[in-house]
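# Sequence plus predicted model, see below.
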Amino acid sequence: MEKELAVIRNIGFIAHIDAGKTTTTERVLFYSGRLYKMGEVDEGTTTTDWMKQERERGITITSAATYCQWNDYHINIIDTPGHIDFTVEVERSLKVLDGAVVIFCGVGGVEPQSETVWRQADKYRVARIIFVNKMDRIGADFFAVINDIRGKLGVNACAIHLPIYDNDEFIGIVDLLKNKAIYYLDDLGLDFVYKDVPHNLKEITIKFRDELIEKLAELDDEFMHKFLNGDDIPEEDFIRIIRKYVIENRFYPILCGSSLKNKGIQLLLDAICQFLPSPLDLKVVTGVSIDKEKIEQREISYKAPFCALCFKVFTDPFVGKLFYTRVYSGKINTSSYVYNVNKDVREKISKIVRMHANKQEIINEAKAGDIVCFVGLKDTTTGDTLCDERAPMLMETIKFPEPVVSLAIEPKTKADQEKLFLALNKLEEEDPSFHVSYNSETGQNIISGMGQLHLEIMVDRLFNDFKVEGKVGKPQVAYKETITKKVETVGKFIQQTGGRGQYGHVIFIMEPNRKGGIIFENKIKGGVIPKEFIPAVKEGVLESANSGILGGYPVIDVKVTLIDGSYHQVDSSELSFKIAGEIAFKEGLKKAGSILLEPIMDLEVITPEEYLSQVIADLNTRRAKITAISEKKNIKIVKSEVPLREVFNYADILRNLTQGRGSYTIEPYYYEQVPQDILVKILGR
């Protein structure tokens, strides 16, 4: 039974935008027999880009799950987005994957988002192999990409393929493990032959094969002995040693090909099965006990108690909510109950489905190693652990970045109000990087996300998928407010109106706390305030923090400690203590030197050399701090840190500066205090 686990591969395709993830996924599904006809991104016909918004824009927005068989292996695949606005999709996918194929463009090499996804994979210790795609493109340079990978990522990576060209046309691949050349005989890439390495490539093949052997010998003593003895090393030894060190994240084999031209995909499928780990290779899954006092480990086995992680929630218009779940141990049947450790509730699974993009295949059982969707759960959200109630264990949840762009949205009519509220709630449940709030000062619903494109997609889904009609404001920077000093603050809410009144009295210590969000701590002793009123005080603080005193922006990085107060036996209530908490928090903000924070972005501009001076001069007018200028071929790369406020319409600006030849990538970096002169402009005073 456990042998089945050894042939499962849970993998994802991750890369910079436009490196070819979706096209590669499409080819993998075709060659494995999952599809009978290949779709194309440009035509909007790919399997995993199934959303209307993805097909219109030719980009991946949501990570899509599918699966295929290759020889005796079962491969679960997640195709992730490359655009920084949807980085949360990469984050939650990597959390549950055992291995990943990192795709690099043969022309662009290591691009900014490539570095970001590589760091995300490092965080979750996901084993990786590297596929250099687009080797058919003019300007593709496999050897430059290898140097780029080693230089920028600082990793022990080595080629196991070399490209073969004939008059600049990419026609085949040298397989260094077999020491043979593969030539493709048809455009579909189905018909190919192995031949001896051509004479003109023998020298470079020997050089790179020797380099591969040396790199592996440095890692492995047994391999070192064979190398020193001059033994002929069979392909099986290469595969075994490469697999061992790929799983340990100490070696990264580099493959090459062209997904669009159907070359190298079968070799990539072989490499996925040969080198990337099975669930069994992870041996155990780690978590903590419910009281978070001790580390717990669960063996990855069908026989172990059930344990799974919900990593994504998606609302399907026909089925309802789909809970994408990675099962780590044990098994579960339809109509079974599971225990949600995070929410401390029992949940019933009404249906289990295996996903093929947006198509569902009903199955009766999910077991260790599976990536499936549960239907019927009520309280589960992204990051929740689902367990056997008799053997609970809490797995580490998924951390998501703070939104940096906001806009106001209002329903067109009163009838749309309820629809808008329900739709926003569903979208917020689906996407933890999408936040919804209500500004009590302006009476507007505020939606916040990772960038303008992110919010544009969400608004598109509101109008088209959920059929809500509304008016949308212009995107705004998502400023935050925080405090600069420690203060003591008092909140009193006393009303006498004849009959029963209201009485709530609290004293806080408020201090800066750089751990993010609002932390509330209760240090009341001796029943000065009855314990049943403490949650109301906390609720008042958290609600008050949604809208600070400087322009109504959310408050972050504050620790609130409840140290004293008083109550009235008759007049005190939860409401009076909630309002007292709100008053104390607002008073504290006034006394504690509130400041406004703005998001600073990590901006990388790629420009032809002749426009470099214009780009730098423009960045200097935008309060940018230039951190590095480098060169690759005949282009310049400018790295800088710049306030989001200054680069809101940077696509148009850069297009004008470089006559359409420049490009850029931008991602949130950190929050920093807004300078006084800019603060005056923001607040209008």
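Great, that's in hand. No experiment lies behind these values; they were computed from the predicted model shown. Numbering: from 1, shown residues only.

# For stretch 483-496, which outside residues touch it?
501-512, 555, 557-558, 563, 571, 576-577, 579-585, 587-589, 591-595 (CB atoms under 8 Å, 6 or more residues apart in numbering). From N, CA and C alone the C-beta is placed, and that goes for glycine too.

# Give me the below-cutoff pLDDT ranges for the stretch 451-600 of the chain.
Residue ranges of the stretch 451-600 of the chain with pLDDT under 70: 497-499.

# switch the cut-off to 80
Scanning the stretch 451-600 of the chain with the threshold set as pLDDT under 80 gives 451-453, 475, 496-500, 515-516, 526.

# Out of the contacts of stretch 483-496, which end up buried?
Using 16 or more other CB atoms under 10 Å as the burial test, the contacts of stretch 483-496 include 502-511, 555, 557-558, 571, 576-577, 579-585, 587-589, 592, 594-595 as buried.

# So which of these are in helices?
Among the buried ones among the contacts of stretch 483-496, DSSP state H puts 576, 577, 579, 580, 581, 582, 583, 584, 585, 587, 588, 589 in helices.

# Helix, strand, or coil at the closest residue to the last one other than its chain neighbours?
Spelled out, that is residue 589. Nearest residue to residue 589 in three dimensions, chain neighbours excluded: residue 549, at 4.8 Å (CB to CB, 6 or more residues apart in numbering). Here residue 549 is coil, with the state taken from DSSP: H, G, I helix; E, B strand; the rest coil.

# my read: residue 549 touches residue 594, true?
Yes. Shown here, residue 549 and residue 594 form a contact pair, counting by CB atoms under 8 Å, at 5.8 Å.

# Now for the two: what residues contact both?
Joint contacts of residue 549 and residue 594 (CB under 8 Å, 6+ apart) are residue 481.

# if I look at residue 404, how far off is residue 507?
Distance, residue 404 to residue 507, by CB to CB, to the nearest Å: 35 Å.

# And for residue 546?
22 Å.

# Residue 660 now?
61 Å.

# before we move on, the earlier item: residues near the residue nearest to residue 589, how many?
If you count neighbours by other CB atoms under 10 Å, residue 549 ends up with 16.

# how about it, phi and psi?
phi -90, psi -10 (degrees, to the nearest 10).

# give me every residue that touches it.
Residue 549 touches 481, 586, 589, 590, 594, counting by CB under 8 Å, 6+ apart.

# With distance to residue 15 as new columns, can the residues you listed be given to me in TSV?
As requested, those are arranged in TSV below (distance: CB to CB, whole Å):
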residue	distance to residue 15
481	37
586	47
589	44
590	48
594	42
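
# which strand residues sit across from residue 560 in the sheet?
Note on residue 560: beta-bridge partners by DSSP bridges are residue 510, residue 520.

# could you measure it against residue 586, distance?
Taking CB to CB, one finds residue 560 at 12 Å from residue 586.

# hang on, the earlier thing: relative to residue 586, how far out is the residue nearest to residue 589?
For residue 549 relative to residue 586 (CB to CB), the value is 6 Å.
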